[in-house]
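> please find the sequence and the predicted model below.
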Amino acid sequence: MANLPTNGEADTKEIDMASLPSSKRHNQNPDLDHHKVGVPSKQNLFKEFTNTVKETFFADDPLRHFKDQSKSRKFILGLHAVFPILDWGRGYNLKKFRGDLISGLTIASLCIPQDIGYSKLANLDPEYGLYSSFVPPLIYACMGSSRDIAIGPVAVVSLLLGTLIQNEIDPTKNPVEYRRLAFTATFFAGITQMTLGFFRLGFLIDFLSHAAIVGFMGGAAITIALQQLKGFLGIKGKHFTKNSDIISVLKSVFRSIHHGWNWQTILIGSVFLAFLLFAKMIGKKNKKLFWVPAIAPLISVILSTFFVFITHAEKKGVAIVNHIEKGLNPSSVHLLYLSGDNLLRGFKIGSVAGMIALTEATAIGRTFAAMKDYQLDGNKEMVALGAMNVVGSMTSCYVATGSFSRSAVNYMAGCQTAVSNIVMSVIVFLTLLFITPLFKYTPNAILASIIISAVINLIDYEAAILIWKIDKFDFVACMGAFFGVIFASVEIGLLIAVVISFAKILLQVTRPRTALLGNLPGTTIYRNLQQYPEAADVPGILVIRVDSAIYFSNSNYIKERILRWLVDEEEKRKKLYRPRIQFLIVEMSPVTDIDTSGIHALEELHKSLEKRNIQLALANPGPVVIEKLHASDFTSLIGEDNIYLTVAHAVHSCSPRVIEEA
């Protein structure tokens with residue numbers, strides 16, 4: 001067996017090669033002559049298919065813990081997989097509970113006033129927001145794997161759900177049918193989430209790009225804030241538009257300026273909005289005072305309710321909450337639409353709401369998991385979120401998910417586990433049993449102020465500026481979603497976000513990058529001439545790199561682009577009186593795969609080059625690519641001697657022939 005050079009020897013030889021003049025370097029590289037591109041051994045078709053499926057859906061090998069275990073042990077591990085609380089609960093102690101208790105109490109003080117306001121966004125009575133912060137957090141605490149997510153209704157999903165259902169059923173004329181459709185949509189939102197998690201299809205939500213989400217969230221935040229002008233200014237329902245676009249809302253606002261605005265309502269809203277924004281500013285300046293903006297909404301509700309009660313401001317036109325149903329969640333199983341047209345409507349609305357809720361929760365979970373350096377199982381998260389919404393739909397809840405504002409407070413308050421959600425749920429439970437009558441005199445203006453102050457954080461202008469600096473097409477996606485939401489509707493904005501995200505994928509797939517490579521002086525390295533202007537092209541040889549897999553969608557473009565490179569370079573070299581191009585080397589390191597259309601495009605490229613008396617050569621095709629090239633006999637067509645290990649090897653072999661023919 002031949003002695004292989006050590007790493008040190010190989011490095012020395014590469015340095016020695018680099019020190020040679022260019023003309024000599026191309027003629028001397030004995031090491032490379034001993035190596036050819038390896039062809040992987042033929043795999044069993046079933047095994048290859050199994051490996052592909054495993055890598056696509058089970059890349060994290062979720063069943064590795066079950067290997068070589070007894071049946072009883074597998075059963076216990078299965079329970080732990082479905083209910084992670086059984087796993088981390090064994091090591092739970094008083095120290096952790098202390099952190100969870102403080103966090104739970106803090107997020108409960110934030111969630112109660114928010115839930116009452118968010119239920120109005122969904123066109124539901126206030127108690128339904130509280131119901132949705134009681135049952136779903138308990139289910140999630142048992143099944144979820146995030147330590148930091150705080151579960152409950154959120155502004156964007158509430159608005160989306162309210163808008164989509166309102167398009168089907170009028171909430172004022174048919175409140176019972178509206179609620180039934182809301183519960184049905186919640187049921188199908190949960191089913192959608194569970195299905196994605198169970199079949200490990202979580203990668204589908206990644207098709208909505210970060211830029212599109214930033215734009216969608218920003219547009220939704222402005223839309224939500226505009227919707228609150230009705231409560232903030234004291235405009236009566238009949239004078240306010242049901243549309244959510246900025247033009248319709250502003251028209252409604254200014255048309256009602258003389259007969260619809262109530263100065264007492266505006267005063268209450270303005271004073272407490274200023275207080276809430278001031279509390280937020282304090283929390284941002286001093287992280288230790290995180291609890292100030294967290295309890296500010298509840299303090300605002302208590303003070304404003306007391307003020308209205310003692311002054312009887314409701315008699316002067318100040319709109320109040322009036323009645324919140326006392327008691328725990330009633331069963332809503334019998335209210336679900338399981339047949340008829342509303343079943344299909346519920347499925348469509350629920351699927352959209354479920355995907356958006358999942359996207360928000362996944363982003364939040366990943367953010368805080370990275371900050372605390374622990375692993376989050378995305379598929380388990382989807383199953384947990386889906387299960388809580390399915391159960392929630394049967395207990396008078398509407399779609400719940402992870403709330404960014406509450407999760408941030410939960411994190412900063414020092415939460416240790418999902419027990420903080422249980423503590424919050426218990427506080428909401430006590431509120432539903434004993435405290436809801438006290439909210440009777442809560443002014444709508446204060447709820448509007450709380451929502452406006454909460455959604456301001458969703459307008460991430462810094463992220464938009466960064467997107468502009470990094471990728472202009474991403475910025476178009478961001479702005480498309482943003483303007484779609486504020487000038488059309490939430491669903492139009494969402495549709496634009498999805499369409500632009502897919503358009504970007506299609507553009508990248510159908511129009512991949514190609515690059516002209518040159519030799520860096522004093523080395524055997526070949527790099528992009530645009531990135532490295534000092535790199536020099538090789539006389540008589542053209543080196544092109546393809547930066548993508550070659551599929552039916554881009555194969556024709558790649559072929560034409562290579563030929564265009566060739567024409568441009570021939571004209572350029574002809575003007576400089578340099579040798580004509582006799583060899584075209586395609587660097588295939590980035591080409592991860594190729595299909596029959598791709599191979600056909602290479603065959604056509606080879607024929608076109610033959611007519612010009614130019615030899616095609618390939619450098620470093622990967623295992624999948626070389627296997628398919630051999631299977632199609634393309635290697636025989638161009639000659640196996642024209643497939644090289646590296647660009648340097650290809651240039652080394654072709655250069656003497658260029659000199660001979662020049």
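That came through fine.

> and the strands in this protein, which stretches?
With DSSP state E, the ranges of strands along the chain come out as 151-152, 401-402, 514-519, 526-528, 541-546, 583-587, 615-619, 643-644.

> just name the most buried of these.
Mean neighbour count, computed with mean count of other CB atoms under 10 Å, is highest for strand 151-152 among these, reaching a mean of 33. C-beta here means a position set from N, CA and C on the backbone, and glycine is covered the same way.

> could you dump the strands of the chain to TSV with mean pLDDT?
Converted to TSV, those look like this (pLDDT from 0 to 100):
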stretch	mean pLDDT
strand 151-152	96
strand 401-402	95
strand 514-519	96
strand 526-528	95
strand 541-546	96
strand 583-587	97
strand 615-619	96
strand 643-644	94
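
> between those strands, which one is closest to E462.
strand 401-402 (21.6 Å; CB to CB).

> before we move on, the earlier item: let's have the strands of the chain in JSON lines, adding distance to N444.
Shown next, in JSON lines, are those (distance: least, CB to CB, whole Å):
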{"stretch": "strand 151-152", "distance to N444": "20"}
{"stretch": "strand 401-402", "distance to N444": "25"}
{"stretch": "strand 514-519", "distance to N444": "60"}
{"stretch": "strand 526-528", "distance to N444": "61"}
{"stretch": "strand 541-546", "distance to N444": "61"}
{"stretch": "strand 583-587", "distance to N444": "65"}
{"stretch": "strand 615-619", "distance to N444": "70"}
{"stretch": "strand 643-644", "distance to N444": "74"}
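
> so which of these comes closest to A212?
Closest among the strands of the chain, using CB to CB: strand 401-402, at 18.0 Å.

> where does R612 fall, phi/psi-wise?
Taking degrees, to the nearest 10, you get phi -90, psi 0 for the backbone angles of R612.

> shaky segments in the stretch 201-350 of the chain?
237, 239 (pLDDT under 70).

> sorry, back to before: of all the strands of the chain, which one is nearest S244?
Among the strands of the chain, strand 401-402 sits nearest to S244 (CB to CB), with 20.1 Å.

> any chance you could list what contacts the closest one?
146, 149-151, 154, 157, 357-358, 360-361, 364-365, 385 (CB atoms under 8 Å, 6 or more residues apart in numbering).

> what pairs with that strand, parallel or antiparallel?
Its sheet considered, strand 401-402 pairs with strand 151-152 (antiparallel) by DSSP bridges.

> chain center to the strand it pairs with, what's the gap?
Offset of strand 151-152 from its chain centre (CA atoms, centre = their mean, to the nearest Å): 19 Å.

> now swap in stretch 509-523 and tell me
Worked out by CA atoms, centre = their mean, stretch 509-523 lies 31 Å from the chain centre.

> ok, stretch 217-234 next?
25 Å.

> kindly export it (C-alpha atoms) in CSV.
As requested, the backbone C-alpha atoms of stretch 217-234 are provided in CSV (Å, rounded to 0.1, in the frame of the first residue of the first chain):
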residue,chain,number,x,y,z
MET,A,217,-46.4,42.2,11.8
GLY,A,218,-45.6,45.9,11.3
GLY,A,219,-48.6,46.4,9.1
ALA,A,220,-50.8,44.4,11.5
ALA,A,221,-49.6,46.6,14.4
ILE,A,222,-50.6,49.8,12.6
THR,A,223,-54.0,48.2,11.6
ILE,A,224,-54.6,47.1,15.2
ALA,A,225,-53.7,50.6,16.5
LEU,A,226,-56.1,52.3,14.0
GLN,A,227,-58.9,49.9,15.0
GLN,A,228,-58.4,51.1,18.6
LEU,A,229,-59.3,54.7,17.6
LYS,A,230,-62.9,53.7,17.9
GLY,A,231,-62.6,53.0,21.7
PHE,A,232,-59.9,55.7,22.2
LEU,A,233,-62.0,58.5,20.7
GLY,A,234,-65.3,57.2,22.0
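
> so which bits of that stretch are buried?
Buried residues in stretch 217-234, counted by 16 or more other CB atoms under 10 Å: 217-234.

> widest-spaced pair of the contacts of strand 401-402?
The largest separation in the contacts of strand 401-402, counting by CB to CB, is between S146 and V157 at 17.6 Å.

> ok so, going back, just the contacts of strand 401-402: which are in helices?
157, 357-358, 360-361, 364-365, 385 (DSSP state H).
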